[in-house]
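Quick one, what's the 3D model for this:
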Amino acid sequence: MKKVDLERVAEISKLKFNDVQLETLSKQLKSMVEFAHQVEKYKADNFAADKIVVPYNEFREDVLHASLPIEKALLNAPRARGRYFVVPIVVD
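Sure, this is the predicted structure:
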């Protein structure tokens, strides 16, 4: 990934990196992409995705718990208005 691309992704994500961090991030992303390409080489013809056993009980009983009080939930919010969190718009 080019430095200019990383800078744009960081800007959109509201993240700030110095040149050393961008270089490190570039190397890490390159390594991840290379690993993904290696995984693509393996055939998955004998793999039955519907046979995966997941330790999850989808039929568990629903249990009602007390909610966090609104005042406590908003206590560490950078911005709040009334009973709601205020978040920045992230769509350019």
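
For the rest of this, base every contact and every neighbour count on C-alpha atoms.
Noted.

which helix in the chain runs the most residues?
helix 19-40 (DSSP state H).

and it, which residues are buried?
By neighbour count with 16 or more other CA atoms under 10 Å, helix 19-40 contains the buried residues L22, L25, S26.

Once you drop chain neighbours, what's closest to A10?
K16 (6.3 Å; CA to CA, 6 or more residues apart in numbering).

mind checking how far the residue nearest to the spatial centre of the chain is from L29?
The centre of the chain sits closest to S13, judged by CA atoms, centre = their mean, with a distance of 11.3 Å. According to CA to CA, to the nearest Å, S13 and L29 sit 16 Å apart.

what's the answer for S67, then?
Distance from S67 to L29, by CA to CA: 40 Å.

how near is L6 to D19?
For L6 relative to D19 (CA to CA), the value is 11 Å.

hang on, I meant Y42
Y42 is 36 Å from D19, by CA to CA.

And for E61?
The separation that E61 has from D19, given CA to CA, amounts to 52 Å.

And the longest helix of the chain, how far out from the chain middle?
Helix 19-40 sits 17 Å away from the centroid of its parent chain (CA atoms, centre = their mean, to the nearest Å).

can you check stretch 4-19 too?
Per CA atoms, centre = their mean, the centroid offset for stretch 4-19 relative to its chain is 16 Å.

If you count neighbours, what's buried in that stretch?
L6, E7.

Restricting to C-alpha, output that stretch in PDB.
Output of stretch 4-19 as PDB, limited to C-alpha atoms (Å, rounded to 0.1, in the frame of the first residue of the first chain):
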ATOM      1  CA  VAL A   4      -0.500   8.400   0.200                       C
ATOM      2  CA  ASP A   5      -3.100   5.600   0.400                       C
ATOM      3  CA  LEU A   6      -2.300   5.000   4.100                       C
ATOM      4  CA  GLU A   7      -2.400   8.700   4.800                       C
ATOM      5  CA  ARG A   8      -5.900   8.900   3.300                       C
ATOM      6  CA  VAL A   9      -7.200   5.800   5.200                       C
ATOM      7  CA  ALA A  10      -5.700   7.400   8.400                       C
ATOM      8  CA  GLU A  11      -7.400  10.700   7.600                       C
ATOM      9  CA  ILE A  12     -10.800   9.000   7.000                       C
ATOM     10  CA  SER A  13     -10.400   7.000  10.200                       C
ATOM     11  CA  LYS A  14      -9.500  10.100  12.200                       C
ATOM     12  CA  LEU A  15      -6.100   8.600  13.000                       C
ATOM     13  CA  LYS A  16      -2.700  10.300  13.000                       C
ATOM     14  CA  PHE A  17       0.600   8.600  12.200                       C
ATOM     15  CA  ASN A  18       4.100   9.900  11.900                       C
ATOM     16  CA  ASP A  19       6.400   8.800   9.000                       C
END
